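Colleague: compute the structure for the input listed below.
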Amino acid sequence: MAKLEPRGRKVKILATVGPASREPEMLRKLLLAGADAFRINMSHGDQATHAETIAAIRALEKEFHRPIAILCDLQGPKLRVGTFKDGQAVIRHSAHFTLDRNPEPGDENRVCLPHPELFELLDKGQRLLINDGKIRLRVIRADSDAILCSAEVGGVISDRKGVNIPDAEVPIPALTEKDRKDLAFAVQHRADCIALSFVQRPEDLAEARRLMGGYGALCAKIEKPQAVQRLSEIIELSDAVMVARGDLGVELNPEEVPPLQKRIVNAARTQGKPVIVATQMLESMIESPAPTRAEVSDVANAVYDGADAVMLSAETAAGSWPEEAVAIMHRIASEVERDPGYKARVHFLETMPDPTTADALSHACMTIAENMPITAVVVFTGSGSTARRVARERPGVPVLVLTPSIETARRMCLVWGAQAVPTRDIGSFEEMIAKGKRMALRHGFGKAGSKLIALAGVPFGTPGSTNLLHIVTLSGHELDRKKA
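Modeller: Numbering: from 1, shown residues only. Okay, here's the model as predicted:
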């Protein structure tokens, strides 16, 4: 039986699947190199290809007897310009350029903007950023038929390039027709998490939540300045958050992104929601077998900040070195977590427990682990809520999550410090202690003489009943039973 040893690190690695990595053998290599979860970017490829990818990941799950999370990332509403007579045109610096409703191919003076809702939205002085900000326009005048702009930064513009409007809340739904079809596909194929792109307001999450029908986790991608203004509400209504630095870096000044990243990570951690840091983490490894020193520092800073997961995008989806990108990210994260100063850094943010029994006991797990030679916290949970509460405290030991739900076990793959094992539910205190000891030994979380914290709820199997904390010591008897 193929086996994966415990990673030895607490932050998780989310690897994007694409042409460079979708073959089953490469997916296997990424898993062995350190990937804990896989992202399927619904902006690219077709559903038949994505279905094959999901099947290959589930086959790996069976081979290694280890839960693997699948995150389907919806494309979202992308604003784009129309087409040009020659496929492209050159906008001169400081020249006037018009975006209008005329569907005729454009030139160096104008182009169609096929989004009528934008024309009366924009005011003088607001910005339009085209092709990821490579072209920057400033509005001079806007009416119902045309938006006259001055080119602060000109350049080559080609067919259907994307448009960002950072200075206004765009009145378009968060889900396009394509997104609805892709979301239905994700639910049908039992994706564990669905990421919603270009969230601007808390209300954007409502339709996605309804269409999910109670299945899976909903991840809000924070990539619009408008989302930052209502960050707390958006985090509260989501199951996870992604710091999507790509579009954030287009719509904000570059120097604004690092402090904002820390703010989002801290806000998500405070509410106990998993937070993923994404985009361009090891960008040079798309073509190079080694990252730059700056990229290594970028990954390290996300780990020091206590992010639940760090994500690889084009590095594993389309790069020349997908396996190496995962391996170096694993090594960076492991080295940071071995740093004597890591513990102080990750606890710089104080996450005060809510006035509930479950939160108080979760907080106690961290305190006990700091004062006793504990090797792991063993959490018995059905929904995963207790495990997330424990992980929010960032204890100094790993969290072994025992759950009867394979869906819950998979979602733990994006939660800091958690390793989940699907197992039958427990029915008594004695069974809890015996199973906790046995699973800890089997999965490498202790040896004879090791002490564990067991956390569960009585009556057993009742959601939301976490009220029991027990410290146990592994003995040679359990070790003999494991060998037998």
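
Colleague: gap between stretch 64-73 and the chain center?
Modeller: For stretch 64-73, the gap between its own C-alpha mean and the chain's C-alpha mean amounts to 13 Å (Cα atoms, centre = their mean, to the nearest Å).

Colleague: tell me how far the ends of it are from each other?
Modeller: For stretch 64-73, the separation between the terminal residues is 25 Å (Cα to Cα, to the nearest Å).

Colleague: list the buried residues for that stretch?
Modeller: Judged by neighbour count (16 or more other Cβ atoms under 10 Å), stretch 64-73 contains these buried residues: 64, 66-73. Using the backbone N, CA and C atoms, a C-beta is placed for each residue, glycine as well.

Colleague: what strand or helix carries the residue lying closest to residue 258 once chain neighbours are set aside?
Modeller: Spatial nearest neighbour of residue 258, excluding adjacent residues (Cβ to Cβ, 6 or more residues apart in numbering): residue 301 at 8.0 Å. In this assignment (DSSP states H and E), residue 301 forms part of helix 293-304.

Colleague: show me where pLDDT drops low in this structure?
Modeller: Segments of the chain classed as low confidence (criterion: pLDDT under 70) are 1-3, 476-484.

Colleague: just the buried residues of stretch 64-73: which are in strands?
Modeller: Secondary structure defined by DSSP state E assigns 69-73 of those to strands.

Colleague: closest to residue 337 out of these?
Modeller: residue 69 (20.3 Å; Cβ to Cβ).

Colleague: on that earlier part again, burial of the residue nearest to residue 258, as a residue count?
Modeller: Residue 301 sits with 16 neighbouring residues when counted by other Cβ atoms under 10 Å.

Colleague: what's the distance between it and residue 133?
Modeller: Going from residue 301 to residue 133 by Cβ to Cβ, to the nearest Å gives 23 Å.

Colleague: for residue 269, same thing?
Modeller: For residue 269 relative to residue 133 (Cβ to Cβ), the value is 29 Å.

Colleague: more neighbours: which of these two?
Modeller: Under the neighbour definition other Cβ under 10 Å, residue 269 and residue 133 were set side by side, and residue 269 has more, 25 against 18.

Colleague: so is the more buried one in a helix, a strand, or just coil?
Modeller: State at residue 269, reduced to three classes by DSSP: H, G, I helix; E, B strand; the rest coil: helix.

Colleague: contacting residues for it?
Modeller: Neighbouring residues of residue 269 by Cβ atoms under 8 Å, 6 or more residues apart in numbering: 275, 306, 349, 351, 392, 394.

Colleague: repeat that for 10 Å
Modeller: The neighbours of residue 269, taking Cβ atoms under 10 Å, 6 or more residues apart in numbering as the test, are 235, 241, 275, 305-308, 346, 349, 351, 391-394, 416.

Colleague: tell me the phi and psi of residue 261?
Modeller: Summarising the backbone geometry of residue 261 under the convention degrees, to the nearest 10, its torsions are phi -60, psi -50.

Colleague: please, where are all the helices along the stretch 351-484 of the chain?
Modeller: Ranges of helices in the stretch 351-484 of the chain, per DSSP state H, counting those that start in this stretch, are 357-371, 385-392, 406-411, 429-442, 476-483.

Colleague: which other helices and strands contact the first one?
Modeller: What that stands for is helix 357-371. Packed against helix 357-371 by the contact rule (3 or more Cβ pairs under 10 Å, 6 or more residues apart in numbering; DSSP states H and E) you find strand 374-380, helix 385-392, strand 451-457, strand 466-473.

Colleague: tabulate these (TSV), appending distance to residue 227.
Modeller: As requested, these are exported to TSV (distance: least, Cβ to Cβ, whole Å):
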stretch	distance to residue 227
strand 374-380	31
helix 385-392	22
strand 451-457	34
strand 466-473	32
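
Colleague: quick check: which of these is nearest to residue 170?
Modeller: Proximity to residue 170, assessed across the helices and strands packed on helix 357-371 by Cβ to Cβ, is greatest for helix 385-392 (32.4 Å).

Colleague: alpha carbons of that closest one, as CSV, please.
Modeller: The C-alpha atoms that make up helix 385-392 are tabulated as CSV, following Å, rounded to 0.1, in the frame of the first residue of the first chain:
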residue,chain,number,x,y,z
SER,A,385,-15.8,23.2,13.2
THR,A,386,-13.9,22.1,16.3
ALA,A,387,-10.7,21.4,14.3
ARG,A,388,-10.9,24.8,12.7
ARG,A,389,-11.2,26.4,16.2
VAL,A,390,-8.1,24.5,17.4
ALA,A,391,-6.2,25.5,14.3
ARG,A,392,-7.2,29.1,14.8
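
Colleague: distance from it to the middle of the chain?
Modeller: Here helix 385-392 is found 17 Å from its chain centre; the criterion is Cα atoms, centre = their mean.

Colleague: the inter-axis angle of that helix versus helix 357-371?
Modeller: Helix 385-392 and helix 357-371 meet at an angle of 40 degrees, taking axes from the mean of the first three to the mean of the last three Cα atoms, to 10 degrees as the criterion.

Colleague: stretch 455-463: which residues count as buried?
Modeller: Per 16+ other Cβ under 10 Å, stretch 455-463 contains these buried residues: 455-457, 460.

Colleague: er, stretch 135-152 actually
Modeller: 135-137, 139, 142, 146-149, 151.

Colleague: strands - which of the residues you listed land there?
Modeller: The strands, defined by DSSP E, take in 135-137, 139, 142, 146-149, 151 from these.

Colleague: now for these: which two are most distant?
Modeller: Of all pairs drawn from these, the one with the largest separation by Cβ to Cβ is 136 and 146; the distance is 18.8 Å.

Colleague: give me the neighbour count for residue 17.
Modeller: The number of residues near residue 17, taken as other Cβ under 10 Å, comes to 28.

Colleague: what is it paired to in the beta sheet?
Modeller: Beta-bridge pairing of residue 17, defined through DSSP bridges, involves residue 40.

Colleague: next one: it relative to residue 278, how far apart?
Modeller: Computed as Cβ to Cβ, the residue 17 to residue 278 distance reads 14 Å.

Colleague: same deal with residue 215?
Modeller: In this structure, residue 215 and residue 278 are separated by 23 Å, where distance is defined by Cβ to Cβ.

Colleague: ok, these two, which is more surrounded?
Modeller: Shown here are residue 215 and residue 278; by other Cβ under 10 Å, residue 278 has more neighbours (25 against 13).

Colleague: dump the residue contacts of the nearest residue to residue 309 once chain neighbours are set aside.
Modeller: Closest residue to residue 309 in three dimensions, ignoring its sequence neighbours and counting by Cβ to Cβ, 6+ apart: residue 12, at 4.0 Å. With contacts defined as Cβ under 10 Å, 6+ apart, residue 12 is in contact with 34-37, 69, 274, 276, 307-311, 333, 412-418.

Colleague: tell me how many other residues crowd residue 13.
Modeller: For residue 13, which is what you asked about, the neighbour count (other Cβ under 10 Å) is 27.

Colleague: what strand or helix carries it?
Modeller: Under the assignment given by DSSP H and E, the secondary-structure element containing residue 13 is strand 12-17.

Colleague: so residue 342 touches residue 303, yeah?
Modeller: Yes: shown here, residue 342 and residue 303 form a contact pair, counting by Cβ atoms under 10 Å, at 7.9 Å.

Colleague: these two: which is more packed in?
Modeller: It is residue 303, of residue 342 and residue 303, that has more neighbours when counted by other Cβ under 10 Å, with 25 against 19.

Colleague: correct me if wrong: that one contacts residue 394.
Modeller: No: proximity of residue 303 to residue 394 does not meet the contact threshold set by Cβ under 10 Å, at 11.5 Å.
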